[in-house]
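**Student:** need a structure here:
(2 chains)
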2 protein chains.
Amino acid sequence: MYINRVSHYLPSEIVGNDYFTELNNLSSEWIVERTGISERRKAPAGENTNTMAIEAVKTLLETIPYSKNEIDLIVGATYTPYDTIVSLAHAVQHYIEIPDIPVVSVSSACSSLLNAIELVEGYFAMKKASKALVIVADHNTAYYNERDTISGHLWGDGASALLISKERQTDSDLYIRKLITGGAATSGKAIEAVVLRPNERGVIMPYGRDVFQNACTYMPKVSQQVLQACGLTISDIDYLIPHQANHRISLNVIGTLGIPEEKLLSNIQRLGNTGCAGCAIALSENFDRFEKGQRIVVTVFGGGYSYGAMLIEA
Amino acid sequence: MYINRVSHYLPSEIVGNDYFTELNNLSSEWIVERTGISERRKAPAGENTNTMAIEAVKTLLETIPYSKNEIDLIVGATYTPYDTIVSLAHAVQHYIEIPDIPVVSVSSACSSLLNAIELVEGYFAMKKASKALVIVADHNTAYYNERDTISGHLWGDGASALLISKERQTDSDLYIRKLITGGAATSGKAIEAVVLRPNERGVIMPYGRDVFQNACTYMPKVSQQVLQACGLTISDIDYLIPHQANHRISLNVIGTLGIPEEKLLSNIQRLGNTGCAGCAIALSENFDRFEKGQRIVVTVFGGGYSYGAMLIEA
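**Tutor:** Coordinates of the predicted model:
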């Protein structure tokens, strides 16, 4: 299957580290050293997961290479829902006005982008769809505690939309050669390390160290698995896009894999942890950079735990 | 694909209509006349979507016809999450201790059972799985307003678990012959008729009439579609299990389809609207009733809107 287009949407409000210096007495140097984050975006009142998803889709439709009415599947992903009944996928279906196609939203926390794309792969395999719209959005600031000195400064808001087709549509399509996902809820403190229980409180990360260690274990491991499945090695890839959770995790992952830093694509410095949207936003930001034949690995890890990797060829 | 086993879990606390008579001055006769509901279950403190899901799985594993370690996919569904990061599917993976298999949770509101099973169908088609555990659970009372005289008395809590395999496993397997799902977010007041915005308030149903009308339109329509796709007609089916939202909707659906009331399977009288778990609980309650060769249609409708139907053969 092929990624035809990727777009993204970011709220305009930029929150610098100085905000958390004033609020929580955390210096910008301390935040940068531990996370790599200098600033992040925050959705203003009136914006939410669903509106951000629609904004990303608006941008996507500006350059869609076929009629939007050919879209025959919509998959949304978020762990920060505005509405758990009218999910972002339903809000998008309402916006693009295509009735009677399968519409579903998924969540495996920060790894949901790849779960959503794997679901599309399934619909293509069943021959129940051939052109899918995938939307990933997280509105972390709707659920975060900005006074939480452990994780309050990590989170950013953002959305991304992808058009994925079974057959090649354009010369610039990115070919998805292999995709693997897995749950790892049996590992470490998976079911308590990072949680978002809407009826209790927002997102908290009581065991950040366990998240860090498992992220640094699973992302390299599953990246190697997708490459091995294709008879390739690390030296065959041109870029790595890991889940944008913490720049130190990203550096640890490329260190383990033996990938030089110039092959690492990141946006966490500017956007913070934008949840399951992070890697898709990075794909969108770098779409025009990829040259024919280049290979990109996208790898994700999320609370719960869950993980995945996808090998793309330009 | 085949349903090998179905189980369900219901919290022990029974809430009768008299509770809402005292609270909201609604007579039991009034509630029964408008909804068909006499009582519903309520999860006590300490229980939630994830614990109910695990309880349903415990029961399922008592009669699993193969090693539980053969399960290679877990799909959860709920619109009333206890934790949006550690979803019910992840909680179940942790409980059954099977690492490194795909694990994902979905939501299309009350229609999620069929979206979850369609996702399984996709994994089977991709050959990425062959034995799936599906868990549907809704903890409506965690998000309802019991003083809401429009919908407070409708909701109940419950969970169900299903084992689904690509190939037949036992003589009592139910064969899933055809499954169709669709989003209908373009219809009526789809994106505002029934909503659950965790950061604003719980589940509310400002346009119940619109929900009623669309449920009564889409469930008969998609039921006819699955039958037509198999060259069958209404007279070929032995039972209908519609989404358990309101007994008047169920009677309207069988009236439209021309199905006699003795072919309608319901639990709403005893359980209220248990969300996406309702039809699966009905399958579990009636599993032993089905005789070789009998055909059952399960049809669902959910807020957002979304719909689906599945033809099963015993």
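**Student:** hey, where'd the helices end up in the stretch 1-150 of chain A?
**Tutor:** Residue ranges of the helices in the stretch 1-150 of chain A, as given by DSSP state H, counting those that start in this stretch, are A:17-24, A:28-35, A:49-62, A:88-96, A:112-126.
**Student:** Looking at those, spot the one closest to residue A:296.
**Tutor:** Each of those was checked against residue A:296 via C-beta to C-beta, and the shortest separation belongs to helix A:112-126, namely 13.3 Å. To be clear about C-beta, it is placed using only N, CA and C from the backbone, and glycine gets the same treatment.
**Student:** Tabulate the helices of the stretch 1-150 of chain A (JSON lines), appending distance to residue B:17.
**Tutor:** Formatted as JSON lines, the entries for the helices of the stretch 1-150 of chain A read as follows, by distance: least, C-beta to C-beta, whole Å:
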{"stretch": "helix A:17-24", "distance to residue B:17": "50"}
{"stretch": "helix A:28-35", "distance to residue B:17": "54"}
{"stretch": "helix A:49-62", "distance to residue B:17": "36"}
{"stretch": "helix A:88-96", "distance to residue B:17": "32"}
{"stretch": "helix A:112-126", "distance to residue B:17": "40"}
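**Student:** OK, contacts around the residue in the stretch 1-150 of chain A that chain B sits nearest to?
**Tutor:** Across the stretch 1-150 of chain A, no residue is closer to chain B than residue A:122, which sits at 2.0 Å (C-beta to the nearest C-beta). Under the criterion of C-beta atoms under 8 Å, 6 or more residues apart in numbering or on different chains, the neighbours of residue A:122 are B:119, B:121-123, B:125-126, B:128.
**Student:** so which of those residues comes closest to chain A?
**Tutor:** residue B:122 (2.0 Å).
**Student:** Nearest spatial neighbour of residue A:141, chain-adjacent residues omitted?
**Tutor:** Leaving aside its sequence neighbours, residue A:141 sits nearest to residue A:42 (C-beta to C-beta, 6 or more residues apart in numbering or on different chains; 4.9 Å).
**Student:** partner residues bridging that neighbour?
**Tutor:** When bridges are called by DSSP bridges, residue A:42 pairs up with residue A:13.
**Student:** List the buried residues in stretch A:26-45.
**Tutor:** With burial defined by 16 or more other C-beta atoms under 10 Å in any protein chain shown, the residues of stretch A:26-45 counted as buried are A:26, A:28, A:31, A:35-43.
**Student:** As TSV, the contacts of residue A:122 with distance to residue B:16 and pLDDT would be great.
**Tutor:** Converted to TSV, the contacts of residue A:122 look like this (distance: C-beta to C-beta, whole Å; pLDDT from 0 to 100):
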residue	distance to residue B:16	pLDDT
B:119	37	98
B:121	40	98
B:122	42	98
B:123	42	98
B:125	46	98
B:126	47	98
B:128	46	98
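**Student:** Just the buried residues of the residues you listed.
**Tutor:** Neighbour counting with 16+ other C-beta under 10 Å marks B:119, B:121-123, B:125-126, B:128 as buried within the contacts of residue A:122.
**Student:** Could you check how far the nearest residue to residue A:87 once chain neighbours are set aside is from residue A:268?
**Tutor:** Leaving out its chain neighbours, the residue that sits closest to residue A:87 by C-beta to C-beta, 6+ apart is residue A:105, at 3.6 Å. Using C-beta to C-beta, to the nearest Å, we find residue A:105 at a distance of 25 Å from residue A:268.
**Student:** do residue A:176 as well
**Tutor:** Relative to residue A:268, and taking C-beta to C-beta, residue A:176 is found at 24 Å.
**Student:** Give me the more crowded residue out of the two.
**Tutor:** For residue A:176 versus residue A:268, the count of surrounding residues by other C-beta atoms under 10 Å in any protein chain shown is larger for residue A:268: 26 against 19.
**Student:** number of nearby residues for the spatially closest residue to the more buried one that is not a sequence neighbour?
**Tutor:** Excluding its sequence neighbours, the residue lying closest to residue A:268 (C-beta to C-beta, 6+ apart) is residue A:244, at 4.2 Å. Neighbours of residue A:244 under the rule other C-beta under 10 Å: 30.
**Student:** Just to be sure, residue A:244 is in a helix?
**Tutor:** No - the secondary structure assignment for residue A:244 gives coil rather than a helix, going by DSSP: H, G, I helix; E, B strand; the rest coil.
**Student:** who touches it in this structure?
**Tutor:** With contacts defined as C-beta under 8 Å, 6+ apart, residue A:244 is in contact with A:250, A:266-268, A:271-274, A:278-279, A:281-282.
**Student:** Equivalent analysis for residue A:314, please.
**Tutor:** With the criterion set at C-beta under 8 Å, 6+ apart, residue A:314 makes contact with A:172, A:174-175, A:290-296.
**Student:** Can I have the buried ones of the residues you listed as a PyMOL selection?
**Tutor:** Here is the PyMOL selection string for the buried members of the contacts of residue A:314, based on 16+ other C-beta under 10 Å:
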select buried, chain A and resi 174+290+295+296
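**Student:** farthest pair in the contacts of residue A:314?
**Tutor:** Within the contacts of residue A:314, A:172 and A:295 form the most distant pair, 15.4 Å apart (C-beta to C-beta).
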